[in-house]
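Colleague: what follows is a predicted protein model with its sequence.
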Amino acid sequence: MSHEKGFSKTITAQASFMHPVSYNDTEGLLHLGGSSSVPSFRGYMAETTIWRNRVLDSKQIRFPRLTEDMYMVGIEETYNKCRNFNSKMELVFDTFKARIDWIQTKKICPGSFNSVPGLDQPYFPPQPFCRPWGRRPPRHLKSLWSAIRRAAATGQTYQSNFPAIGKSLYKAAISRLVEGMTVIPQIIPILKQASCYDNNEASYMLSTLYSGGMGITPDRYKGIMYQLKAAEGDYPLAVNAMGDKHQCGQEGVPQDYDYAFSYFKNVADKTVKDKEKHAADGIYTEMVRLTDTDALRHQTGEKGDYFMWMKYQAKKGLAEAQINLARMLFWGQHGVTRDLPLAIQYFNEYLANNPADPLANYDMAVILLRGQGTAKNYTKALEHLNRSAELGHAPAYTALGWYALNHQRNITAAVEYFEKADKMGHRDAAHNLGYLYRVGKYPNHPADDAKAFEYYYKSAAGGHMDSGLMVAEIYNQGHSNMLRHSQYAAVWARFIAEQNVEMGRTLRKGLDAYLEGSWSESMIYYMMAAEAGVEVAQFNLAYLCEEDNENIAASYVHSDCIWKYYNKSSNSEHPPVLAQLKMGDYHWYGYQGASDTEKAVELYGKAAKQRDPQAIFNLGYIVEQGIEVKPDLLKTLGIKQSVVNNSTDKRTLSMELYRKCRDHSNKDAYVPCGLAVLRLQWQELWIQHTLFMKVTSAILFGLATSLSLASFLTHIRGYQSSVENV
């Protein structure tokens, strides 16, 4: 493949296949960006034209217009600026390094930076005594020179210090976010410097700030540029953001599920590998909504009341506190830093007094089998596994099967364990059976892709990461009994990718900042995750913009983050009811423009299908206004067929919907929905009876209302009493 200006560079790739290949270039896909079989170059691909039947001279090929996005983004210009910048800073590095060497050998200081071009500083001759680092750096390069100075002391080359310099600059920039949106223009130069040192987090933050117009004027092309730069560096959020754009067909990017799958698969592969490593600095990716007050109480980390109370209870010997602390520390949950040795200590303390806990025995067995935070010990691991299995814990049978397969080489015994655990509903067992069918190791059964897919899908539906990745891969390629389905492949790969540890870290930063009262900082981190397509981040960002503490969003966010991110959230694969209700309200009442009744009914209907009482109430009100609701939706909600068929009797249909709302398990819905039912009953009596009957009915209705209100009060008191007794 020839590429770059004038096609001055050429790259060749080849692949070897063990079996005969039937090739037809008019069928299937052409992987210009490489594939699992054929590698490609590292860089960017824009507009591409393929000539199948003839070879053209490069002069005959039309280059894209200079006004097209690929040029407007300014990829080449950005990289050239970074190269020139790095060349200048290398001279600073060399000067610092020379000063260190001079001090160590000759005990005197050389002249100050006289060889660095472009720096307006006077020359100072060598001195017998001086401060080790000479004069102050230029103000806009203070953080950078500090990082370069430290890098020079390592004894390594300038280029090998790029990661350390970039990380130092990024930390210097984000440390100022707590000051609010007013500092964004000041940290932009530091983030650009970090980006030039290939710090992908800095590049992606720049992309987010420019795209969202957070504290600065929005710049679409710079946003795209820095997102591409971060994605080229394999930063998970940036790669996922590219996949999200292609899956949804947003921001001028064509909808293409194959491209989306490729991006999501890149991140998903890393996610599965990170899970297997279970690194000490890892974090559990938790999807916490800022509207969930119960969850927020448990998300305050080591310094929070919840953790401190658990720690106190654990020291007192409370078993529940010990096991909860063990799992929090092992996984790094609720904002707690992962601490494997301490987690194991709590596991041991708990098991000493609760040896018959099947789950704790299983957890300890897996830790000992994998050697996570402690040395591997198969003997003790098997003791815990057998005890857990005897107590009927399905995962223990799966683990015994894994041990039989990988250590005892006994496939027959392994299959027996896997089959038993699978019947008990354990997802890992289904995954292992899928593997055996796929590679042809299931006893007395040839390789069977269809059977393997059946087990992988069963396991993936239960949340198993490895199976989810396999389901995505099989949907992408298809098998002998199933055509490929690129849309499903992208959906499954995305499901795994969004559990990536970097997603978890970014969400955690957004949540911590919110809990500490730093809303500006929280908005930035949530926007970074939101642009990567993480639904809970989209919801939380929209919520922050809507609440708008101290007018931060109104003053500094130059995009409609309320509408944009509630809309994204409500259109996600598994949308939250509250986002659907919000968007339904915006369409019903009109949000900065004309209302859209049809769209409002659609969104309320989707929320009602999730059995949300507010959505059902809204549908009842909509029917009262004479607006039609589709019969299929009403049937889904359990409305009687006779009521659905009688399209002229809107009052009866509304009353049925209000009753569904009133009888909902959510106690908060009882009063408003019950009053709506009473109101319709009163209207019906008033319309259908004579004056005498109306007066009589009014008296009776008043009595009924009094009795109903008494019932409501009794109902509420009973509910409050039950809450207080919890």
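Modeller: Right, received. Where do you want to start?

Colleague: isn't there a helix covering residue 623?
Modeller: Yes - assigned with DSSP: H, G, I helix; E, B strand; the rest coil, residue 623 falls within a helix.

Colleague: setting aside sequence neighbours, what's the nearest residue to it?
Modeller: Nearest-residue entry for residue 623: residue 654, 4.6 Å, with adjacent residues in sequence omitted and distances by Cβ to Cβ, 6 or more residues apart in numbering. Quick note: C-beta positions are derived from backbone N, CA and C, even for glycine.

Colleague: got a list of what the one you found touches?
Modeller: For residue 654, the contacting residues are 620-621, 623-624, 680, taking Cβ atoms under 8 Å, 6 or more residues apart in numbering as the criterion.

Colleague: which residue is the nearest non-sequential neighbour of residue 216?
Modeller: According to Cβ to Cβ, 6+ apart, the nearest residue to residue 216 is residue 184 (5.6 Å).

Colleague: circling back to that earlier point, can you redo the contacts of residue 654 as CSV with distance to residue 526, pLDDT and neighbour count?
Modeller: Below are the contacts of residue 654 laid out as CSV (distance: Cβ to Cβ, whole Å; pLDDT from 0 to 100; neighbours: other Cβ atoms under 10 Å):
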residue, distance to residue 526, pLDDT, neighbour count
620, 34, 87, 25
621, 33, 88, 15
623, 37, 86, 22
624, 38, 85, 19
680, 42, 79, 18
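
Colleague: how far does stretch 406-415 sit from the chain's center?
Modeller: 37 Å (Cα atoms, centre = their mean, to the nearest Å).

Colleague: outside of that stretch, which residues touch it?
Modeller: 378, 401-402, 404-405, 432-433, 436, 441-443.

Colleague: the same query, at a cut-off of 6 Å, please.
Modeller: If you take Cβ atoms under 6 Å, 6 or more residues apart in numbering as the criterion, stretch 406-415 is touched by 401, 404-405, 443.

Colleague: with stretch 450-466 instead?
Modeller: 272, 275, 427, 430-431, 433-434, 437-438, 467-468, 470-471, 474, 481, 496.

Colleague: now rank those by neighbours and give me the top one.
Modeller: Of all those, the most densely surrounded is residue 434 (30 neighbours; neighbours counted as other Cβ atoms under 10 Å).

Colleague: and the gap between that one and residue 453?
Modeller: Per Cβ to Cβ, to the nearest Å, residue 434 is found 7 Å from residue 453.

Colleague: and for residue 234?
Modeller: To residue 453, residue 234 is 29 Å away according to Cβ to Cβ.

Colleague: ok, residue 382 next?
Modeller: Taking Cβ to Cβ, one finds residue 382 at 32 Å from residue 453.

Colleague: where's residue 464 relative to residue 302, distance?
Modeller: As defined by Cβ to Cβ, residue 464 lies at a distance of 30 Å from residue 302.

Colleague: same question for residue 341.
Modeller: For residue 341, the distance to residue 302 (Cβ to Cβ) stands at 15 Å.

Colleague: neighbour count winner among these two?
Modeller: residue 302 (14 against 10).

Colleague: ok, for residue 478, nearest residue in space, not its chain neighbours?
Modeller: residue 484 is the one closest to residue 478 (Cβ to Cβ, 6+ apart), at 3.5 Å.
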